[in-house]
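K.L.:
one predicted model, sequence on top.
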Amino acid sequence: MKVLVVDDEVKLADALGELFRRNKVIADVVYDGEDGYFYAKKGDYDVVILDVMSLVLVDQVKNTSIVMVVKPDMLS
């Protein structure tokens, strides 16, 4: 399983990433919406954990695109 964690609270994001890794889950951690969008677009993630406040810099079209890129069937 591969997880993307997007949170602007660095300590929380790092702690989540570490917990996933200890449980043998591949985890990428980023600290803002722009990076989250880039990683989600380029990566093949099973789960994306988003802090809504991390998305302040990302417009609504990109927010929807994150879901569509990761799992297009989630929108149907």
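P.N.:
Right, received. Where do you want to start?

K.L.:
how many neighbours does Asp32 have?
P.N.:
Other residues near Asp32 come to 18 when the count uses other C-beta atoms under 10 Å. Where you see a C-beta, it was placed from the backbone N, CA and C, and this is true even at glycine.

K.L.:
now do Tyr39
P.N.:
Neighbours of Tyr39 under the rule other C-beta under 10 Å: 20.

K.L.:
where do the strands sit along the chain?
P.N.:
2-6, 26-30, 47-50 (DSSP state E).

K.L.:
give me whichever of the ones you listed is most buried.
P.N.:
strand 2-6 (a mean of 22; mean count of other C-beta atoms under 10 Å).

K.L.:
tilt between that strand and strand 26-30?
P.N.:
Counting by axes from the mean of the first three to the mean of the last three C-alpha atoms, to 10 degrees, strand 2-6 lies at 20 degrees to strand 26-30.

K.L.:
counting contacts, what elements does strand 2-6 pack onto?
P.N.:
If contacts are counted by 3 or more C-beta pairs under 8 Å, 6 or more residues apart in numbering; DSSP states H and E, strand 2-6 sits against helix 10-22, strand 26-30, helix 33-42, strand 47-50.

K.L.:
minimum distance to Lys2: which of the ones you listed has it?
P.N.:
strand 26-30 (4.4 Å; C-beta to C-beta).

K.L.:
so what touches the closest one?
P.N.:
1-7, 13-14, 16-17, 20-21, 36, 39, 43, 45 (C-beta atoms under 8 Å, 6 or more residues apart in numbering).

K.L.:
what's near enough to touch Asp43?
P.N.:
Just to correct that, residue 43 is Gly rather than Asp. Gly43 touches 2, 4, 28, counting by C-beta under 8 Å, 6+ apart.

K.L.:
I'd guessed the second one sits against Ala40; true?
P.N.:
Right, the one you point to is Leu4. Yes. Counting by C-beta atoms under 8 Å, Leu4 does reach Ala40; the two are 6.0 Å apart.
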